[in-house]
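Asks: quick one, structure for this:
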Amino acid sequence: MTDLREEIADLQKKLVEVEAELDLMKTAGIIEVAIRNPSVSEYMQHWERRAEAAEARFIEQRDSLVSVTKKLAQTEARLADEQAFANEKVKVLVEALGECRDEIDNYIRQEYPHDHPVQERYRKRDFSANPARSALAGMEATDE
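Replies: From the prediction side, this is the model:
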């Protein structure tokens, strides 16, 4: 009799387990059901590891891109400052060359003050040989 009672108790336990399993099958999603299979579980873990590794690489590359972008912005700002400084220097130098040209031209006019054809020819020759005039003409040619 005790064997029969033990068998009934075992069957009742199994019935409870089967009902719980049936309830799980009715309410669980496909992943919860599939994960119970060891090969499916292993397969899913494999792809989860690959996805996590890819995500880590993505984050690393994104951070690297952010760093490079910041450095690029800093470099562009520095270059813009340097360009502005160089442009100011060029303006000062162009003004100085203009003053040199005018000074040398005035000296030439004093050297050859008359409208005599020979002095006019010398003035033209010396005006064209004025290094400040040549430098300014060369700068104007490169600006175009």
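
Asks: packing partners of the longest helix anywhere in the chain?
Replies: The longest helix of the chain (DSSP state H) is helix 38-111. If you count contacts as 3 or more C-beta pairs under 8 Å, 6 or more residues apart in numbering; DSSP states H and E, helix 38-111 packs onto helix 30-34, helix 117-129, helix 131-143. (Each C-beta comes from the backbone N, C-alpha and C, glycine too.)

Asks: please tabulate these in TSV, including the columns distance to residue 79 and mean neighbour count.
Replies: Shown next, in TSV, are those (distance: least, C-beta to C-beta, whole Å; neighbours: other C-beta atoms under 10 Å):
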stretch	distance to residue 79	mean neighbour count
helix 30-34	54	11
helix 117-129	38	12
helix 131-143	20	12
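
Asks: and residue 2, which of those is closest to it?
Replies: Closest to residue 2 of those, according to C-beta to C-beta: helix 30-34, at 38.3 Å.

Asks: pull the CA atoms of the closest one into CSV?
Replies: Extracted in CSV, the C-alpha atoms of helix 30-34 (Å, rounded to 0.1, in the frame of the first residue of the first chain):
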residue,chain,number,x,y,z
ILE,A,30,10.0,31.8,-28.5
ILE,A,31,13.3,32.8,-26.9
GLU,A,32,12.3,31.4,-23.5
VAL,A,33,11.3,28.1,-25.0
ALA,A,34,14.3,27.9,-27.4
